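Engineer: coords please:
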Amino acid sequence: MNHEPTIFDKIINREIPADIVYEDDLCLAFNDINPQAPVHVLIIPKKPIVSLAEVDEQDTALLGHLLVVVSKIARQLGLDSGYRTVLNTGPDGGQEVYHLHFHLLGKRPLKWPPG
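Structural biologist: Sure, this is the predicted structure:
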């Protein structure tokens, strides 16, 4: 599927700098420039997927990999007392960048419901 390049595509392509905390062949993770917690990392696939609503069975392994990476980064950042993983989908879900991404938030108590 063709799509307009997002800010995340530009980060993947190194057209825009980011504070990268993890990278492998399938994904990239970096600190959010507008953090909502002391730890706020975005984990994005390098494959351009617009949102969770656009995934299908061929993305199963990639989605599992992204969750393993979330867990790995949480351990590396010492989020032993807990963390929240958020995946916003669509305008009503609060998605602002239309490239699938997980938010990893931690190092402060997080309220429920989120808002």
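Engineer: in the protein, which spans are helices?
Structural biologist: Secondary structure of the chain (DSSP state H): helices located at 7-12, 60-76.
Engineer: any chance of these in a markdown table, plus mean neighbour count, mean pLDDT and distance to Asn88?
Structural biologist: Yep, even glycine has a C-beta here, placed from its N, CA and C like the rest. Formatted as a markdown table, the helices of the chain follow (neighbours: other C-beta atoms under 10 Å; pLDDT from 0 to 100; distance: least, C-beta to C-beta, whole Å):
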| stretch | mean neighbour count | mean pLDDT | distance to Asn88 |
| --- | --- | --- | --- |
| helix 7-12 | 18 | 95 | 13 |
| helix 60-76 | 15 | 98 | 14 |
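Engineer: low-confidence regions, this protein specifically.
Structural biologist: Judged against pLDDT under 70, the low-scoring parts of the chain cover residues 1-3, 115.
Engineer: let's see it at 90
Structural biologist: For the chain, the stretches flagged by pLDDT under 90 are 1-5, 112-115.
Engineer: for Val21, what are its contacts?
Structural biologist: Counting by C-beta atoms under 8 Å, 6 or more residues apart in numbering, Val21 touches Ala29, Phe30, Asn31, Val41, Ile73, Gln76, Leu77.
Engineer: quick one, what contacts Ser51?
Structural biologist: Counting by C-beta under 8 Å, 6+ apart, Ser51 touches Thr89, Gly90, Gln95, Tyr98, Leu100.
Engineer: one more time with 6 Å
Structural biologist: Residues in contact with Ser51, defined by C-beta atoms under 6 Å, 6 or more residues apart in numbering, are Thr89, Leu100.
Engineer: for it, phi and psi?
Structural biologist: For Ser51, the backbone dihedrals are phi -160, psi 170 (criterion: degrees, to the nearest 10).
Engineer: please report how far it lies from Asp19.
Structural biologist: Per C-beta to C-beta, to the nearest Å, Ser51 is found 24 Å from Asp19.
Engineer: repeat for Pro5
Structural biologist: Counting by C-beta to C-beta, the gap from Pro5 to Asp19 is 20 Å.
Engineer: and what of Pro38?
Structural biologist: Pro38 sits 14 Å away from Asp19, taking C-beta to C-beta as the criterion.
Engineer: nice, that's everything, thank you.
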